[in-house]
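J.: Fold the following, please.
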Amino acid sequence: MPEESLHPGDTIKNTYTDPGATTREALEISEKSRKLARSAVGNESPEDRIRQRCSIAVGDFSMAELMVFLHNPVGAGLAALEAGAPLITDIRMVQTGILKKGHRSEVLCALDYGQGIAAEKGITRTSAGLLELGPRIDGAVVVIGNAPSALLSLCGMIREGRRPRLVIGTPVGFVNAAESKDELRSLSVPSISNRGTRGGTPVAVAAMNELIVIHTERSR
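T.: Modelled structure (predicted):
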């Protein structure tokens, strides 16, 4: 699907369904949460839908104001899903939280790679995993919800020529979390991030899953 084929009106109609809500009670909770979020956040664009879902994930509508979208990340993410591009996560919680239906992309975790590099260089396992994945990052969607070190390593790899289709970067904490996201936003790669020290796995997973839901709706 060409990125230019994305028309916001195609993705914000009031036809939202949550593929993760598989029981009546879960669906009722999902629909009620989404109704509140539409009212508080707005519902004018696909980016608004991502802001809604990220706010629901942390139980705080102020998260919507912290979200930053650069270089057409929605179009890039939908094109990646259409192509079946791999989804590369930093930690297991992010890998587990991403929906496994509605797309055909493989969901990888950096922790499954780079153990030797981590031991040799004394760097974090997530950073080492991304280094070992190397060329597989080109054309992938990279979802980092926890580790600022991984996002900083990824930014360095992008500066050296790696080109993911999209980076969702929302690491959390007081050591390099805000700085790593500032670094991401200085690059020309499509990205979804949030300002400041807040963020975390729920925000990253929410952003990715909303893209999957939009992709599913457009594929019907």
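J.: Show the pLDDT at the spatially most distant residue from the centre of the chain.
T.: Distance from the C-alpha centroid of the chain peaks at residue 120, with 29.8 Å (Cα atoms, centre = their mean). pLDDT for residue 120: 96.
J.: Next: residue 45.
T.: 95.
J.: Can you report how many residues lie near it?
T.: The number of residues packed near residue 45 is 15, by other Cβ atoms under 10 Å. All C-beta spots, glycine's among them, are computed from the backbone N, C-alpha and C.
J.: Find the nearest non-adjacent residue to residue 165, please.
T.: residue 80 (4.2 Å; Cβ to Cβ, 6 or more residues apart in numbering).
J.: That neighbour: neighbour count?
T.: Neighbours of residue 80 (other Cβ under 10 Å): 25.
J.: Are we agreed that it is in a strand?
T.: No - under DSSP: H, G, I helix; E, B strand; the rest coil, residue 80 sits outside any strand and is assigned helix.
J.: ok, it touching residue 138?
T.: No - using Cβ atoms under 8 Å, residue 80 is not in contact with residue 138, being 11.6 Å away.
J.: next helix or strand past the helix or strand containing residue 26?
T.: Using DSSP states H and E, residue 26 maps to helix 24-41. Following helix 24-41 in sequence order, the next helix or strand is helix 46-58 (DSSP H and E).
J.: re the thing from before, which strands or helices does the helix holding residue 26 pack on?
T.: With contacts taken as 3 or more Cβ pairs under 8 Å, 6 or more residues apart in numbering; DSSP states H and E, helix 24-41 sits against helix 46-58.
J.: that older thread, mind checking the SS state of the residue farthest from the centre of the chain?
T.: Following three-state DSSP, the label given to residue 120 is helix.
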